[in-house]
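Student: Turn this into a model:
(one chain, ligands or ions: 1)
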Amino acid sequence: MCGIFGCVLKDEKAAPVIHAALKRLEYRGYDSVGEATVSGGKIWIKKDQGKIDDVHKTRNLDDLPGNIGIGHTRWATHGAPLEVNAHPHVDCTGELAVIHNGIIENFDELRTELESRGHVFKSKTDTEVIPHLIEETMDNNPTLGLANAVLETVKKLQGSYSIAAISSKEPDKIVCARNESPLVLGVKDQDIYFSSDIPAFLPLTNKAIVVDDGELIILSLGKVEIKKIADGSVVPREPKIIEWSPEMAVKQGYPHFMIKEIHEQPQCLRNTLRVQEHYADLMSTFLDRARDVYLVACGTSYHACLAASYMFSKLAFLPTFPIIASEFIEQSGKSVNIDSTILAVSQSGETADTLASVNAARQRAATILGLTNAIGSTLTRVSRVYIGQQSGPEIGVAATKTFTSQLSVMAQLALRLAKKRGKVSQDEMDFLAEKLMKLPDIVEEIILKQEEKTKQIAKKYKDAKTFFFLGRGISTATAFEGRLKLMEIAYVPAIAFPAGESKHGPISLIEPDFPVVFICAKDETHKTLIGNIMEMKARGASIIALIEEGDEAIKKLADDYIEVPKGIPEVLSPIPYVVPLQMLAYYMAIERGCNPDKPRNLAKSVTVK
Ligand code: F6R
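Tutor: Numbers count the residues shown, from 1 in each chain. Below you'll find the predicted structure:
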């Protein structure tokens with residue numbers, strides 16, 4: 001996954017604008033950076049491995065000439081993060097430069113063919129086949145022009161791409177194309193921008209045009225042309241006003257996006273309570289009628305699905321299969337048919353494994369429902385019905401606010417479904433609906449009262465070699481999410497299990513002072529959970545317990561505890577209980593000198609936010 005940006009500007013130099021936009025996109029990839037501009041009949045390029053600021057220090061990314069240019073911030077897929085593999089990539093003549101986000105699946109055979117015809121490659125990337133293919137197409141037909149050459153080229157590509165190409169022979173334009181990787185355009189008077197993500201140009205304009213799969217874009221001063229790749233036909237499309245303020249996309253005084261986004265959760269949960277009734281109703285109707293329901297997602301979104309499976313079962317008596325997307329085709333592909341419904345949950349709406357599952361299910365005529373934070377993403381386009389979770393842009397790599405928002409939406413769906421099916425009494429419905437409405441305030445209170453405490457606990461356990469996370473019932477999902485956050489942000493190996501399963505093997509790991517986090521929501525599992533705590537304590541574990549305020553029974557057993565306000569219904573408990581775990585992971589990362597916004601080896605899924 002990478003970030004791409006480019007612009008055609010009337011009066012300004014392109015390079016500093018590209019540089020600033022790439023900084024705003026850095027969360028999409030940060031192992032190399034590069035820019036290319038076109039000016040004076042020549043392509044000018046600067047690129048190198050490393051973070052943008054470091055590359056800028058040595059190379060000065062601002063001093064390329066010209067008002068038209070493209071830029072790229074990379075997260076390596078093909079070829080190591082080295083200067084030679086950094087984008088932009090050029091053809092044999094150096095008259096063409098291309099940036100790309102995505103993966104070209106048939107690059108190997110294309111490269112072999114191109115090399116056999118004399119093309120010389122410099123990098124190990126899949127991307128480099130693109131400028132060479134464009135070059136060859138233009139050589140074979142010199143009157144074709146850049147736009148048509150790109151059009152012909154992308155027809156030969158298999159895989160995902162958002163690409164942008166500039167040529168010294170046609171210095172007035174940028175040509176882009178999209179397939180399964182995000183691409184949005186920004187328009188400000190005569191100035192035109194493109195990017196993989198809206199926040200890149202949001203400080204410059206709030207007028208945006210979302211590009212669809214299979215479209216070719218020709219950008220020139222004051223002009224945007226959209227064509228279908230399949231037949232070259234022109235697609236008219238007006239810009240939409242994006243309501244996000246540029247401030248929403250910056251850190252607002254917090255040291256990291258992750259902690260900023262943790263603090264945004266009360267507001268996000270309030271927004272999430274305003275999900276569009278019509279779509280929620282429609283979705284619950286589809287869920288009600290399905291013969292079988294699969295909840296499909298990756299990572300944190302999968303944990304939301306796992307929690308939701310308890311909600312659907314307990315409230316609406318609807319059995320569901322929560323499935324990790326990368327396993328979906330193998331595990332359930334053949335069982336899916338016209339009577340199946342897939343609820344795909346993806347913050348970005350662009351996660352490859354989730355989309356692959358969706359595509360496989362579509363081919364078997366299943367109904368696709370989507371829950372995403374990215375309107376305009378691929379998931380929204382392939383879903384029969386989708387709901388936007390309205391969490392606002394997520395810039396921290398670790399999902400926090402989007403997790404609690406996903407849970408809130410799915411709790412609302414479960415409640416709707418329960419009502420439709422007559423499975424809960426009106427009193428119970430009213431009680432749960434009221435509790436759901438109060439969750440934003442409860443989360444606010446937890447952050448306010450418990451942040452300092454989690455900081456202290458992080459200090460105490462910062463050198464722990466491993467962590468255990470245990471919960472029962474729906475808290476199992478909370479435990480899994482707490483574990484993922486700690487591992488990905490603070491690099492602490494961690495294990496999570498349903499507490500009842502811990503004695504079937506994992507308990508053998510326990511030795512004195514081994515930290516074990518118990519999620520102790522006050523529910524039917526409480527008594528049994530105390531038994532699990534005793535088992536761990538007897539083996540010398542240090543118990544860190546998330547408890548309901550005043551839960552004296554567990555307080556007595558715990559070495560450390562964090563309190564969550566009383567009276568949260570079990571089915572809603574993951575929303576408030578995960579928040580201290582997010583803060584614990586964040587402060588553990590800080591204590592251990594890790595940058596929580598840039599976990600190594602990870603980057604945000606392709607996102608249009
Ligand atoms: C973890 C995290 C990832 C994502 C996963 C799915 O903090 O961010 O595990 O949850 O990559 O991403 P989406 O929800 O965009 O499909």
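Student: send the alpha carbons of the helix or strand hosting residue 259 over as CSV?
Tutor: Secondary structure assigned from DSSP states H and E places residue 259 in helix 257-263. Written as CSV, here are the backbone C-alpha positions of helix 257-263 (Å, rounded to 0.1, in the frame of the first residue of the first chain):
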residue,chain,number,x,y,z
PHE,A,257,-2.7,10.3,15.9
MET,A,258,-3.4,7.1,17.8
ILE,A,259,-4.0,8.9,21.1
LYS,A,260,-5.9,11.6,19.3
GLU,A,261,-8.2,9.0,17.8
ILE,A,262,-8.6,7.3,21.1
HIS,A,263,-9.8,10.6,22.5
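Student: Does residue 359 touch residue 382 like I think?
Tutor: Yes. When contacts are counted by C-beta atoms under 8 Å, residue 359 is listed as touching residue 382 (7.4 Å). Any C-beta I mention is one placed from the backbone N, CA and C, and that applies to glycine too.
Student: Those two: which has the busier surroundings?
Tutor: Neighbours were tallied for residue 359 and for residue 382 using other C-beta atoms under 10 Å; the higher tally belongs to residue 382 (18 against 14).
Student: In contact with that one, which residues?
Tutor: The contact partners of residue 382, taken as C-beta atoms under 8 Å, 6 or more residues apart in numbering, are 355, 358, 359, 362, 368, 370.
Student: Among these, which pair sits farthest apart?
Tutor: 359 and 370 (12.8 Å; C-beta to C-beta).
Student: can you pull the contacts of the closest residue to the ligand within the chain?
Tutor: Nearest to the ligand in the chain, going by C-beta to the nearest ligand atom, is residue 299, at a distance of 1.8 Å. Counting by C-beta under 8 Å, 6+ apart, residue 299 touches 399, 484.
Student: For residue 44, give the beta-bridge partners.
Tutor: Each beta-bridge partner of residue 44 is listed here, defined by DSSP bridges: residue 37.
Student: Among the contacts of residue 382, which are located in strands?
Tutor: Among those, the residues falling in strands (DSSP state E) are 368, 370.
Student: out of the contacts of residue 382, which is most surrounded?
Tutor: For the contacts of residue 382, neighbours were counted using other C-beta under 10 Å, and residue 370 has the most, 26 neighbours in all.
Student: Tell me how far the longest helix that the chain contains lies from the chain's centre.
Tutor: Of all the elements of type helix in the chain, the one with the most residues (DSSP state H) is helix 426-461. Taking the mean of its C-alpha atoms, helix 426-461 sits 24 Å from the chain's own mean (C-alpha atoms, centre = their mean, to the nearest Å).
Student: Buried residues of it, list them for me.
Tutor: Across helix 426-461, burial judged by 16 or more other C-beta atoms under 10 Å covers 429, 432, 435-436, 439-440, 442-444, 446-447, 450-451, 453-455, 457-458, 461.
Student: again, but for stretch 103-115
Tutor: Applying a neighbour-count criterion of 16+ other C-beta under 10 Å, the buried positions in stretch 103-115 are 103, 104, 107, 110, 111, 114.
Student: Which residue in those has the weakest pLDDT?
Tutor: For the buried residues of stretch 103-115, the model is least confident at residue 103; its pLDDT is 77.
Student: so that one touches residue 158, yeah?
Tutor: No. Between residue 103 and residue 158 there is no contact under C-beta under 8 Å: 9.6 Å.
Student: In contact with residue 502, which residues are there?
Tutor: When contacts are counted by C-beta under 8 Å, 6+ apart, residue 502 touches 468, 470, 532, 535, 536.
Student: Any chance of a markdown table for the contacts of residue 382, columns pLDDT?
Tutor: Written out in a markdown table, the entries for the contacts of residue 382 read as follows (pLDDT from 0 to 100):
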| residue | pLDDT |
| --- | --- |
| 355 | 97 |
| 358 | 98 |
| 359 | 97 |
| 362 | 97 |
| 368 | 98 |
| 370 | 97 |
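Student: What parts of this structure come near the ligand?
Tutor: Within the chain, the positions lying close to the ligand (C-beta under 6 Å from any ligand atom) are 298-301, 346-348, 351, 354, 398-399, 484, 488, 605.
Student: one more time with 5 Å, if that's ok
Tutor: For the chain, the residues in contact with the ligand under the definition C-beta under 5 Å from any ligand atom are 298, 299, 300, 301, 346, 347, 348, 351, 398, 399, 605.
Student: For the fourth one, which non-adjacent residue is spatially closest?
Tutor: Counting by C-beta to C-beta, 6 or more residues apart in numbering, the nearest residue to residue 301 once its immediate chain neighbours are dropped is residue 345, at 4.5 Å.
Student: Now do the SS call for the one you found.
Tutor: The assignment at residue 345 comes out as strand when based on DSSP: H, G, I helix; E, B strand; the rest coil.
Student: Just the pLDDT at residue 277, thanks.
Tutor: The confidence metric pLDDT takes the value 80 at residue 277.
Student: Kindly report the same for the one 4 residues further on.
Tutor: Residue 281 carries a pLDDT value of 93.
Student: just residue 75 next, same as before
Tutor: 68.
Student: Ok, residue 252 next?
Tutor: On the pLDDT scale, residue 252 is placed at 59.
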